[in-house]
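>>> sequence unknown, structure follows:
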């Protein structure tokens with residue numbers, strides 16, 4: 001037994017410690033917490049109170065700005081709709097006039113072709129008569145009834161009639177080709193020129209394309225603004241009331257702001273209360289630095305509470321930190337470490353068991369003094 005006492009290491013000071021969970025106001029407004037007391041056990045998700053805020057000036061201002069932008073965009077789209085409708089009406093009129101013009105031009109070409117066709121028939125009849133007369137005079141010349149001069153004149157008239165028929169045939173062919181070209185929007189006898197209605201129609205087509213693209217852009221902007229207003233409205237609803245719930249199962253450690261029945265105004269991020277959980281407790285032990293070489297991570301330890309219950313708890317070293325002066329062991333600890341004497345280290349010991357004296361009704365035992373013996 002004497003050997004064990006000489007080979008083991010004991011702490012100068014030891015106490016149960018734990019992590020503090022801070023609850024903050026999620027939104028600005030009037031906070032009303034239920035009557036809570038330090039040491040009160042809380043269940044995870046338990047409603048502890050609420051914060052109400054009927055108006056949020058910044059979000060409401062943003063919403064009004066979006067509503068104004070939406071009205072301007074909708075007015076712009078309405079104006080574009082009117083411009084597009086006006087241009088389409090004019091384009092329809094021009095298309096109707098262009099169709100009428102094409103019909104008239106086709107009728108004109110058809111009448112010219114019909115007139116040439118009649119003239120060709122007349123020329124062909126004249127040619128047939130001239131050939132008969134030339135043949136008759138040639139026979140009379142051979143019988144000596146008429147002179148050769150009269151026969152030559154008849155032959156000359158037949159040739160002239162033949163030339164007239166050929167000219168009319170060529171003219172008819174040209175008119176038919178021009179009619180086919182006209183139906184395809186072409187012009188063969190000169191460079192193609194556009195009429196004023198056609199030029200205006202082409203300008204309208206280009207303008208309609210630009211207006212349609214602008215309308216699509218404005219419509220996309222309207223959809224984006226509407227979605228932003230919807231999202232902002234959801235944020236406003238969320239900002240009107242927020243329930244305060246316990247994030248974990250634990251114990252009320254301290255109450256920063258007591259609201260009473262009427263509530264108190266708070267801004268977002270203001271502290272409400274602090275909690276600790278029995279699931280995350282350990283022992284902080286201060287040991288002479290001379291014994292540092294006899295300690296190691298994972299080493300077993302025996303913890304004896306100094307509350308008069310003679311409670312012993314098994315533990316295991318989880319961290320060793322040292323240095324002169326003040327040492328901060330982690331953040332948000334329930335019991336900050338005291339000022340260390342020179343050549344002293346801080347040892348954190350995990351608890352392998354949780355006896356009833358460390359239950360929630362006793363603040364999970366946090367703050368209780370203990371003696372820690374580190375086994376070799």
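Yep, it's here. Just so we're clear, the structure is a prediction, and the values are computed from it rather than from any experiment. Numbering: from 1, shown residues only.
>>> assign residue 221 to helix, strand or coil.
Put simply, residue 221 is helix when judged by DSSP: H, G, I helix; E, B strand; the rest coil.
>>> can you get me a residue count around it?
By the criterion of other Cβ atoms under 10 Å, residue 221 has 17 neighbours. Backbone N, C-alpha and C define where each C-beta goes, glycine included.
>>> tally of neighbours for the nearest residue to it once chain neighbours are set aside?
Counting by Cβ to Cβ, 6 or more residues apart in numbering, residue 221 lies nearest to residue 73, which is 5.2 Å off, once chain neighbours are set aside. Counted with other Cβ under 10 Å, the neighbours of residue 73 add up to 20.
>>> surely residue 73 is within a strand?
No - under three-state DSSP, residue 73 falls outside any strand and is assigned helix.
>>> ok, it touching residue 218?
Yes - Residue 73 lies in contact with residue 218 (Cβ atoms under 8 Å); the separation is 5.7 Å.
>>> how's this protein carved up into domains?
As given by automatic domain parsing, the domain ranges for the chain are 2-46+248-374, 61-218.
>>> of all the residues in whichever helix or strand residue 275 is part of, which ones are buried?
Using DSSP states H and E, residue 275 sits within strand 271-288. With burial defined by 16 or more other Cβ atoms under 10 Å, the residues of strand 271-288 counted as buried are 272-278, 281-287.
>>> just checking, what packs against it?
strand 13-24, strand 29-33, strand 250-255, strand 300-305, strand 344-351, strand 370-374 (3 or more Cβ pairs under 8 Å, 6 or more residues apart in numbering; DSSP states H and E).
>>> look up how far residue 347 lies from residue 228.
Going from residue 228 to residue 347 by Cβ to Cβ, to the nearest Å gives 56 Å.
>>> just want to know which of those two has more residues nearby.
residue 347 (27 against 16).
>>> shaky segments in the stretch 251-376 of the chain?
323-332, 337-342 (pLDDT under 70).
>>> repeat for the stretch 101-250 of the chain
For the stretch 101-250 of the chain, the ranges with pLDDT under 70 are 101-105, 182-198, 238.
>>> again, 50 this time
For the stretch 101-250 of the chain, the stretches flagged by pLDDT under 50 are 191-192.
>>> now the helices for this structure?
Listed in chain order, the helices of the chain (DSSP state H) span 2-7, 57-143, 148-183, 196-240.
>>> test my guess that residue 157 contacts residue 137.
No - counting by Cβ under 8 Å, residue 157 sits too far from residue 137 to count as a contact (10.0 Å).
>>> centre-most residue in this protein?
residue 224 (8.6 Å; Cα atoms, centre = their mean).
>>> could you check how far that one is from residue 350?
54 Å.
>>> circling back: as CSV, the helices and strands packed on strand 271-288 with distance to residue 112 would be great.
Compiled in CSV, the helices and strands packed on strand 271-288 are given as follows (distance: least, Cβ to Cβ, whole Å):
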stretch, distance to residue 112
strand 13-24, 95
strand 29-33, 90
strand 250-255, 105
strand 300-305, 120
strand 344-351, 111
strand 370-374, 122
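>>> of all the ones you listed, which lies closest to residue 176?
Minimum separation from residue 176 across the helices and strands packed on strand 271-288 (Cβ to Cβ) falls at strand 29-33, 89.4 Å.
>>> partner strands of that closest one, with direction?
Looking at strand 29-33 with DSSP bridges, its partner strands are strand 47-52 (antiparallel), strand 264-266 (antiparallel).
>>> nearest to residue 34, of those strands?
Going by Cβ to Cβ, the one of those nearest residue 34 is strand 47-52, 5.3 Å.
>>> just give me how far the closest one sits from the chain centre.
33 Å (Cα atoms, centre = their mean, to the nearest Å).
>>> and if you look at stretch 72-84?
On Cα atoms, centre = their mean, the centre of stretch 72-84 falls 25 Å from the chain's centre.
>>> if anything else comes up later, I'll come back, but that's it for now.
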